[in-house]
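I'll drop the sequence and a predicted model, then ask my questions.
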Amino acid sequence: MTSRKPVVLRPSEIPARQRGGGAKTIPLVTRRTGSTSFINGITIFEPGAAIPLHKHNCEESVLLLEGTAVAEIDGVEYPIQAGDITFIPADIPHRFRNVSHSEGMKILWTYASVDATRTLIETGDTRSIDDEHKAAIVS
(Lines give C-alpha, C1' and ligand atoms only; values in the text may rest on other atoms or scores of the structure.)
Protein backbone atom coordinates (compact mmCIF):
# COMPACT_ATOMS: atom_id res chain seq x y z
CA MET A 1 0.00 0.00 0.00
CA THR A 2 1.19 3.49 -0.75
CA SER A 3 1.63 6.14 1.92
CA ARG A 4 -1.51 7.95 2.98
CA LYS A 5 -1.20 11.43 1.53
CA PRO A 6 -3.81 13.69 -0.07
CA VAL A 7 -4.04 13.19 -3.83
CA VAL A 8 -5.55 15.22 -6.66
CA LEU A 9 -6.54 13.00 -9.57
CA ARG A 10 -7.12 14.20 -13.12
CA PRO A 11 -9.22 11.63 -15.01
CA SER A 12 -8.21 13.14 -18.36
CA GLU A 13 -4.60 12.15 -17.59
CA ILE A 14 -5.30 8.57 -16.43
CA PRO A 15 -5.33 5.80 -19.05
CA ALA A 16 -8.65 3.96 -19.41
CA ARG A 17 -8.86 0.17 -19.20
CA GLN A 18 -11.11 -1.80 -21.54
CA ARG A 19 -14.11 -3.45 -19.84
CA GLY A 20 -15.56 -5.07 -22.96
CA GLY A 21 -18.98 -4.52 -24.46
CA GLY A 22 -18.15 -0.95 -25.47
CA ALA A 23 -17.17 0.24 -21.99
CA LYS A 24 -13.85 1.38 -20.55
CA THR A 25 -12.93 2.38 -17.00
CA ILE A 26 -10.64 4.97 -15.44
CA PRO A 27 -9.71 3.87 -11.89
CA LEU A 28 -9.51 6.85 -9.53
CA VAL A 29 -9.35 6.49 -5.75
CA THR A 30 -8.00 2.99 -5.09
CA ARG A 31 -5.71 1.09 -2.77
CA ARG A 32 -2.83 2.50 -4.88
CA THR A 33 -3.76 6.08 -3.92
CA GLY A 34 -3.81 5.04 -0.25
CA SER A 35 -7.52 4.39 0.27
CA THR A 36 -8.34 1.85 2.96
CA SER A 37 -12.14 2.06 2.97
CA PHE A 38 -13.55 2.71 -0.54
CA ILE A 39 -12.67 2.85 -4.24
CA ASN A 40 -14.14 4.76 -7.15
CA GLY A 41 -13.68 5.43 -10.82
CA ILE A 42 -15.33 6.50 -14.05
CA THR A 43 -16.73 4.16 -16.68
CA ILE A 44 -17.33 5.47 -20.19
CA PHE A 45 -19.91 3.77 -22.41
CA GLU A 46 -20.00 4.00 -26.19
CA PRO A 47 -23.43 4.60 -27.79
CA GLY A 48 -25.67 1.58 -27.15
CA ALA A 49 -23.11 -0.10 -24.85
CA ALA A 50 -24.02 -2.13 -21.78
CA ILE A 51 -22.15 -4.09 -19.16
CA PRO A 52 -23.26 -7.59 -18.16
CA LEU A 53 -25.59 -8.23 -15.23
CA HIS A 54 -23.43 -8.61 -12.11
CA LYS A 55 -23.29 -8.14 -8.33
CA HIS A 56 -20.72 -7.00 -5.79
CA ASN A 57 -19.71 -8.13 -2.30
CA CYS A 58 -20.23 -4.58 -0.97
CA GLU A 59 -22.50 -1.56 -1.41
CA GLU A 60 -22.13 0.55 -4.54
CA SER A 61 -23.28 4.01 -5.55
CA VAL A 62 -23.35 5.21 -9.16
CA LEU A 63 -23.73 8.82 -10.34
CA LEU A 64 -24.67 9.31 -14.00
CA LEU A 65 -22.34 12.11 -15.12
CA GLU A 66 -23.31 12.31 -18.80
CA GLY A 67 -25.91 10.82 -21.10
CA THR A 68 -29.08 8.84 -20.58
CA ALA A 69 -29.22 5.31 -19.28
CA VAL A 70 -31.22 2.47 -17.88
CA ALA A 71 -30.14 1.16 -14.49
CA GLU A 72 -31.34 -2.44 -14.19
CA ILE A 73 -31.37 -3.21 -10.47
CA ASP A 74 -32.72 -6.48 -9.05
CA GLY A 75 -34.87 -7.05 -12.14
CA VAL A 76 -36.36 -3.54 -12.29
CA GLU A 77 -35.37 -1.06 -15.02
CA TYR A 78 -35.01 2.58 -13.97
CA PRO A 79 -34.54 5.30 -16.61
CA ILE A 80 -31.87 7.70 -15.35
CA GLN A 81 -30.42 10.95 -16.61
CA ALA A 82 -27.32 12.99 -15.82
CA GLY A 83 -27.28 13.94 -12.15
CA ASP A 84 -29.24 10.88 -10.96
CA ILE A 85 -27.52 8.63 -8.42
CA THR A 86 -28.14 5.04 -7.34
CA PHE A 87 -27.51 3.08 -4.18
CA ILE A 88 -27.13 -0.66 -4.67
CA PRO A 89 -26.81 -2.95 -1.61
CA ALA A 90 -24.32 -5.83 -1.70
CA ASP A 91 -25.29 -8.98 -3.65
CA ILE A 92 -28.04 -7.28 -5.71
CA PRO A 93 -27.82 -8.05 -9.46
CA HIS A 94 -27.56 -4.90 -11.57
CA ARG A 95 -26.13 -3.30 -14.69
CA PHE A 96 -26.16 -0.03 -16.61
CA ARG A 97 -27.02 0.42 -20.28
CA ASN A 98 -26.48 3.44 -22.51
CA VAL A 99 -29.86 3.91 -24.19
CA SER A 100 -28.55 6.38 -26.77
CA HIS A 101 -27.34 5.02 -30.10
CA SER A 102 -25.56 8.28 -30.95
CA GLU A 103 -24.23 9.76 -27.68
CA GLY A 104 -21.77 8.40 -25.11
CA MET A 105 -22.55 7.90 -21.43
CA LYS A 106 -20.33 8.31 -18.36
CA ILE A 107 -20.77 7.13 -14.75
CA LEU A 108 -18.85 7.71 -11.52
CA TRP A 109 -19.00 4.60 -9.35
CA THR A 110 -18.02 4.12 -5.71
CA TYR A 111 -17.63 0.78 -3.92
CA ALA A 112 -17.78 0.71 -0.13
CA SER A 113 -14.70 -1.54 0.13
CA VAL A 114 -11.17 -1.64 -1.27
CA ASP A 115 -11.72 -5.40 -1.49
CA ALA A 116 -14.73 -5.08 -3.82
CA THR A 117 -15.45 -7.96 -6.19
CA ARG A 118 -17.66 -8.37 -9.25
CA THR A 119 -19.56 -11.61 -9.88
CA LEU A 120 -21.08 -12.06 -13.32
CA ILE A 121 -24.61 -13.41 -12.97
CA GLU A 122 -24.52 -15.44 -16.20
CA THR A 123 -21.32 -17.36 -15.41
CA GLY A 124 -20.78 -16.99 -11.66
CA ASP A 125 -17.22 -15.81 -12.40
CA THR A 126 -15.93 -13.59 -9.56
CA ARG A 127 -13.00 -11.18 -9.89
CA SER A 128 -11.61 -8.49 -7.67
CA ILE A 129 -12.06 -4.96 -8.96
CA ASP A 130 -8.28 -4.51 -8.48
CA ASP A 131 -7.67 -7.37 -10.96
CA GLU A 132 -9.99 -5.75 -13.51
CA HIS A 133 -7.95 -2.56 -13.30
CA LYS A 134 -4.80 -4.45 -14.21
CA ALA A 135 -6.25 -5.18 -17.68
CA ALA A 136 -4.61 -3.84 -20.80
CA ILE A 137 -4.56 -0.06 -21.10
CA VAL A 138 -6.37 1.51 -24.05
CA SER A 139 -6.63 5.10 -25.16
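Arrived safely. Please read all numbers here as calculations on a predicted model, not as lab measurements. Numbers count the residues shown, from 1 in each chain.

just list whatever residues bridge to the residue most central in space within the chain.
Nearest residue to the geometric centre of the chain (CA atoms, centre = their mean): W109, 4.8 Å. Under DSSP bridges, the beta-bridge partners of W109 are G41, V62.

OK, contacts around it?
40-43, 60-63 (CB atoms under 8 Å, 6 or more residues apart in numbering). No exception for glycine: its C-beta is placed from N, CA and C like everyone else's.

same thing with G22?
45-50, 98.

ok, back up a step: can I get the buried part of the contacts of W109 as one PyMOL selection?
To isolate the buried members of these in PyMOL, using 16 or more other CB atoms under 10 Å:
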select buried, resi 40+41+42+43+60+62+63
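
ok, the contacts of W109 vs V70, which is closest?
Closest approach to V70 among the contacts of W109 (CB to CB): V62, at 12.2 Å.

for T123, see how far away the closest one is.
Look at V62 and T123: by CB to CB, to the nearest Å, they are 22 Å apart.

same question, E72
17 Å.

who's more crowded, those two?
Applying other CB atoms under 10 Å to E72 and T123 shows that E72 carries more neighbours, namely 16 against 9.

helix or strand: which one has the nearest residue to that one once chain neighbours are set aside?
Closest residue to E72 apart from its sequence neighbours, by CB to CB, 6 or more residues apart in numbering: R95 at 5.1 Å. Using DSSP states H and E, R95 sits in strand 94-98.

what packs against that strand?
strand 39-45, strand 54-56, strand 68-73, strand 105-111 (3 or more CB pairs under 8 Å, 6 or more residues apart in numbering; DSSP states H and E).

helices or strands up against the first one?
When contacts are defined as 3+ CB pairs under 8 Å, 6+ apart, strand 39-45 sits against strand 23-27, strand 94-98, strand 105-111.

quick check: S102 vs Q18, distance?
Note on S102: its distance to Q18, by CB to CB, is 22 Å.

low-confidence ranges, the chain, go.
Residues of the chain meeting the criterion pLDDT under 70: 1-3, 134-139.

which residues are in contact with H94?
In this structure, H94 makes contact with 53-55, 60, 71-74, 88, judged by CB under 8 Å, 6+ apart.
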